[in-house]
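# Dropping the sequence and predicted coords here.
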Amino acid sequence: MLIEPKIQRFSSKGPVTDGIIFETYGCYQFIKTRKRNLMATLEGKKVAILTENGFEEVELTSPKKALEDAGAEVDIVSPQKEKVKAWAHDHWSIELPVDVNIEDADPNDYDALMVPGGVMNPDKLRKNDKCVEFAQHFLEEGKPVAAICHGPQLLIETGMLEGRNMTSYPSIKTDMINAGAIWADHEVIVDNGVVTSRSPEDLDAFNKKMIEEIKEGKHSAVTRTVAPTH
């Protein structure tokens, strides 16, 4: 006897899926139909989050969780050796363990780069030649890069933003334009694998596009132009 099938959500410590359960002679058979989230979308991908002390807490923790939930392996890469300290609105916040010191980090080990914001964080990163070179690799190779809020300040130092459609926190709009970017006030902008957003309010859209671009893989490589002088 075959009982009429019914749609049911199913999970076994993994992705929540839609499926159909049939009962036949007292035995249950689950037929999976589709995934309801992005779990395992980035299986086999490895992503570097490059940061310094003073990153805006949610601008690192939210993308990191989204990446890991999608199946990616994520390393926090930093000039700091053991821990890196967050800033939350107007005060120092949590500390997170550093997985790889920038001195030991090889960009060839990673499929994509994510740069959180915070006023202090990118200002420190952009003064560190190793950090700039690390970020530059991803643009040169056409690997996905995602930067939010003040994070794109690091990318300015690569000299590789000419003609790119981008956004950022409004206060660095002029810096972005001077670096050659075509700046616009949108929650998220994607240009040839580079994903940028304005602020924590845009994190949902930012995370979604970041995962999409990393899933797509390499894009067209970019030629470096003359870096801005200081």
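Thanks, I have it.
# Surely Ala147 touches Thr196?
Yes: under the criterion of CB atoms under 8 Å, Ala147 makes contact with Thr196 at 5.5 Å. The C-beta positions use only the backbone N, C-alpha and C, and glycine is treated the same way.
# Give me the common contacts of those two.
Ser168 (CB atoms under 8 Å, 6 or more residues apart in numbering).
# Could I get the full set of helices for this structure?
Taking DSSP state H, the helices of the chain run over residues 57-69, 120-125, 129-141, 152-156, 173-178, 203-216.
# Which one of the ones you listed lies nearest to Gly163?
Smallest distance to Gly163 across those (CB to CB): 11.7 Å, for helix 173-178.
# Quick one: mean pLDDT for the closest one?
Helix 173-178 carries an average pLDDT of 98.
# need the contact list for the residue nearest the centre of the chain.
Centroid check for the chain by CA atoms, centre = their mean gives Met114 as the closest residue, at 4.0 Å. Met114 is in contact with Val47, Ala48, Ile49, Leu50, Pro63, Lys64, Leu67, Val145, Ala146, Ala147, Met210, counting by CB under 8 Å, 6+ apart.
# mind redoing it with 10 Å?
Taking CB atoms under 10 Å, 6 or more residues apart in numbering as the criterion, Met114 is in contact with 47-51, 59-60, 63-64, 66-67, 72, 74, 76-77, 138, 144-148, 151, 195, 206-207, 210, 214.
# any weak-confidence spans in this protein?
Along the chain, the model assigns pLDDT under 70 to residues 1-40, 222-230.
# and the residue lying closest to Gly151 once chain neighbours are set aside, how many neighbours?
What sits nearest to Gly151 in space, not counting adjacent residues and going by CB to CB, 6 or more residues apart in numbering, is Val115, at 3.9 Å. By other CB atoms under 10 Å, 30 other residues sit near Val115.
# Before I go, just wanted to say thanks for your time.
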